[in-house]
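This is a predicted model, with the sequence first.
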Amino acid sequence: MGPDEDRSLLRDGDRVLLVDVKERRYLITLRAGAAFHTHVGIVAHDDMIGAPEGSTIPGSTGRRFLVVRPTLSDVVLKMPRGAQVIYPKDLAAMLMEVDIAPGVTVLEAGVGSGALSMALLRAGAEVVGYEVREDFAQVARMNVAALLGEGARYRVELRDVYEGIEEGGFDRVVLDLPEPWRVLPHAEQAMRPGGILCAYLPTINQTSQLRQAMEHSAFGLASTLEVLHRTWHIEARSVRPDHRMVGHTGFLTTARLLHPDGGEGRSPQG
């Protein structure tokens, strides 16, 4: 057995995604002797353990299920939630907009269920989270540990970021909370010059208020975007956009912390 084939085999304790014939998806953790019950039949975990990823497994009624390891997107959409998660389409854009790379230090405020934390950590960042709700913090810690194990460079503090940021030297500050403009003065003190701040907001009114506050802060090169995600139906000669799409979910606003010697201008033309 070659090394590539060995890595494809599913093992006791692996997280897997079961997909039925109607493409309904179920996220489960394999346990020897256990069984997964659905309304179309029961699937024995032992039938999946030792099988190659990508196998089709029969259930108790003869219905068949595809079994694969989940992507991060699958995990985010199917994992336990304390708060509403940021959609995968927005997580992907945030990683690029904030320029996450191995070793980048991030303060994340408004941890919620940990979806953004997982994306940041998977990209190699070191993350300190501020969260005001203990139940949300516990869900985030659990979800991160389930995906990445206990060794991830991740710490969640029960703190209100509106009251201040106790640590300093962060490369990035990422905010998923209703009034990010209240964090700007604290972020100015907690970030290194040139660092990037990113705020995720559901409404354009909140976004406008943030952008106005940035005009009177040490942040410049501000930009705002939203991500629209549309899939296509492709079957024989039937080729068209799907009737449903993931449209507006939130606005992403980013800005750079400028060096105080940079003067009043917020851009090279300022």
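Structure's in. What do you need? Keep in mind the model is a prediction, meaning the values are calculated, not measured.

contacts and neighbour counts: CA atoms only from here.
Fine.

next structured bit after the lowest-mean-pLDDT helix or strand in the chain?
Every helix and strand of the chain was ranked by mean pLDDT, DSSP states H and E. The lowest is helix 3-8, at a mean of 71. Next along the chain after helix 3-8, taking DSSP states H and E as the criterion, comes strand 15-19.

With adjacent residues omitted, what lies nearest to Ala199?
Spatially, and ignoring its direct neighbours in sequence, Ala199 is nearest to Leu175 (4.6 Å; C-alpha to C-alpha, 6 or more residues apart in numbering).

Regarding Arg211, which helix or strand does it belong to?
helix 204-214.

So which other helices or strands are in contact with that helix?
When contacts are defined as 3 or more C-alpha pairs under 8 Å, 6 or more residues apart in numbering; DSSP states H and E, helix 204-214 packs onto strand 219-225, strand 251-257.

for the ones you listed, which one ends up most surrounded?
strand 251-257 (a mean of 23; mean count of other C-alpha atoms under 10 Å).

What angle do helix 204-214 and that strand make with each other?
Per axes from the mean of the first three to the mean of the last three C-alpha atoms, to 10 degrees, the angle that strand 251-257 makes with helix 204-214 is 10 degrees.

Tell me who's in contact with the nearest residue to Phe170 once chain neighbours are set aside.
Among residues not flanking Phe170 along the chain, Met191 sits closest, at 4.6 Å (C-alpha to C-alpha, 6+ apart). Shown in contact with Met191 (C-alpha atoms under 8 Å, 6 or more residues apart in numbering): Gly168, Gly169, Phe170, Asp171, Arg172, Val173, Leu257.

all helices in the stretch 101-250 of the chain, in order from the N-terminus.
Remark: helices assigned in the stretch 101-250 of the chain by DSSP state H, counting those that start in this stretch are 115-122, 134-148, 184-190, 204-214.

now the second one, how far from the centre of its chain.
Using C-alpha atoms, centre = their mean, to the nearest Å, the distance from the centre of helix 134-148 to the centre of the chain it belongs to is 12 Å.

pLDDT on it, on average?
Throughout helix 134-148, pLDDT has a mean value of 93.

Need the contact partners of that helix.
Here helix 134-148 has contacts from 79-83, 111-115, 117-118, 122, 131, 152, 156-158, using C-alpha under 8 Å, 6+ apart.

If you count neighbours, what's buried in that helix?
Phe136, Ala137, Gln138, Val139, Ala140, Arg141, Met142, Asn143, Val144 (16 or more other C-alpha atoms under 10 Å).

Nearest residue to Ala44 in space, please, no chain neighbours.
Ala44 sits nearest to Ala35 (C-alpha to C-alpha, 6+ apart), 4.4 Å away.

Tell me how many other residues surround the one you found.
When counting by other C-alpha atoms under 10 Å, one arrives at 15 neighbours for Ala35.

quick revisit: for the buried residues of helix 134-148, work out which two are farthest apart.
For the buried residues of helix 134-148, with distances taken as C-alpha to C-alpha, the pair at the greatest spread is Phe136 and Val144 (12.3 Å).
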